[in-house]
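**Q** Could you look at this predicted model? Sequence included:
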Amino acid sequence: EKEAPFDKIIVTAGAPVLPQEMLKQLKIGGILVVPIGDEKSQEMIKFTRVSELKVTKESFEGFSFVPLIGKEGWS
């Protein structure tokens, strides 16, 4: 967090929900790519911060990653 904001963040573990803390760390024009879904299958989601308050979302189906663990992952 102390080195934010970031141009790009790529998550290589499947998350159950959007990691909000990562999204907050994007600069305007920044991109967050994260697989979101259940523990067996995820959608690859690309979030782009277009302004301080607006983020666009694109999704791509059919991925499977190891589960994300920690506060915003699976326990």
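**A** All right, it came through fine.
**Q** Now do the same contact list for the closest residue to Q20 other than its chain neighbours.
**A** Computed as C-beta to C-beta, 6 or more residues apart in numbering, the closest residue to Q20 that is not its neighbour in sequence is E72, at 7.2 Å. Every C-beta, even on glycine, is put in place using the N, C-alpha and C of the backbone. By C-beta atoms under 8 Å, 6 or more residues apart in numbering, the contact set of E72 is 15, 17, 19-21.
**Q** Make a markdown table from the residues you listed and add pLDDT and secondary structure to it.
**A** Listed next are the contacts of E72 as a markdown table, based on pLDDT from 0 to 100; DSSP: H, G, I helix; E, B strand; the rest coil:
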| residue | pLDDT | secondary structure |
| --- | --- | --- |
| A15 | 92 | strand |
| V17 | 94 | coil |
| P19 | 92 | coil |
| Q20 | 93 | helix |
| E21 | 93 | helix |
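**Q** which phi and psi does E72 have?
**A** E72 has phi and psi values of phi -110, psi 20 when expressed as degrees, to the nearest 10.
**Q** what pLDDT does it get?
**A** The model reports E72 with a pLDDT of 84.
**Q** Over to G14?
**A** On the pLDDT scale, G14 gets 88.
**Q** from what I can see it touches I45, true?
**A** No - using C-beta atoms under 8 Å, G14 and I45 do not qualify as a contacting pair, with a distance of 11.0 Å.
**Q** Mind listing what's buried along the helix or strand where I36 lies?
**A** Using DSSP states H and E, I36 sits in strand 26-37. Judged by neighbour count using 16 or more other C-beta atoms under 10 Å, the buried positions of strand 26-37 are 26, 30-37.
**Q** One more: stretch 62-75?
**A** 65, 67-68.
**Q** of the residues you listed, closest to E1?
**A** Nearest to E1 among the buried residues of stretch 62-75: L68, at 17.2 Å, using C-beta to C-beta.
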